[in-house]
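Quick one, what's the 3D model for this:
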Amino acid sequence: MQIKALIVDDEPLARDRIREMLKEHPEIEVIGEARNGREAIDSVVNHNPDLVFLDVQMPDLDGFDVLQNLNVAQLPVIIFVTAYDQHALRAFDVHAVDYLTKPFDRKRFAEAVTRAKVFMKGAKEPDTARILSMLQELRPAQGISSDSLSRMARRSFLFGPKM
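This is a model prediction of the structure:
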């Protein structure tokens, strides 16, 4: 299965790094890049990617604004890629399959790509256990209890996106 991917980040070096790491995943074809939210929206509408690596903080529109401006039926699978961990909980509200915090290594990147592939092969809702696992990685920085993480993951799974 060939996967069409779009890379959205305002930093050229970040786009280069993702493109370079994707070379280890020959089933993923980079069909475009966007430097800001407006370009991202245009690229999704015009090229219909299967997967988007989406930065959160960009000039003009942020990653969440991009998602809010897209037709729900046209939403690709989203992996957020950002230097800011404080947006992780919100990312799961919009059903992102993963949240990579810069700087990330090849192993962590490969895990995110694998999650996206599994999701595209048939999982229609994010896996609560997967969400809990990713949130556990962020918990120390956020000061969030395990019980709170569990409630948030269940809420995201049960009630869907808040867009």
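
Let me know the average pLDDT across the helix or strand hosting residue 43.
Residue 43 is part of helix 37-47, with elements assigned from DSSP states H and E. The average of the pLDDT scores along helix 37-47 is 96.

By neighbour count, which bits of that helix are buried? Give me those.
37, 38, 39, 40, 41, 43, 44 (16 or more other CB atoms under 10 Å). Glycine gets a C-beta too; all of them are placed from N, C-alpha and C.

So in that sheet, which strands flank the following helix or strand past it, and in what orientation?
Next in sequence after helix 37-47, counting helices and strands by DSSP H and E, comes strand 51-54. Here strand 51-54 has these sheet partners by DSSP bridges: strand 3-8 (parallel), strand 77-82 (parallel).

Identify the residues contacting the last one?
Translated: strand 77-82. Contacts with strand 77-82, where a contact means CB atoms under 8 Å, 6 or more residues apart in numbering, come from 9, 14, 18, 50-57, 63, 67, 87-88, 91, 94-102, 104, 112-113, 115-116, 119-120.

likewise the first one?
Here strand 3-8 makes contact (CB under 8 Å, 6+ apart) with 15, 18-19, 22, 27-35, 37, 39-40, 43-44, 47-55, 58, 63, 66, 76, 116-117, 120.

Now restrict these to buried residues only.
Neighbour-count burial (16+ other CB under 10 Å) applied to the contacts of strand 3-8 gives 15, 18, 22, 28, 30-35, 37, 39-40, 43-44, 49-55, 58, 63, 66, 76, 116-117.

Run through this protein and note the low-pLDDT ranges.
Low-confidence segments of the chain, defined by pLDDT under 70: 84-94, 123-163.

how far away is residue 22 from residue 63?
Residue 22 sits 19 Å away from residue 63, going by CB to CB, to the nearest Å.
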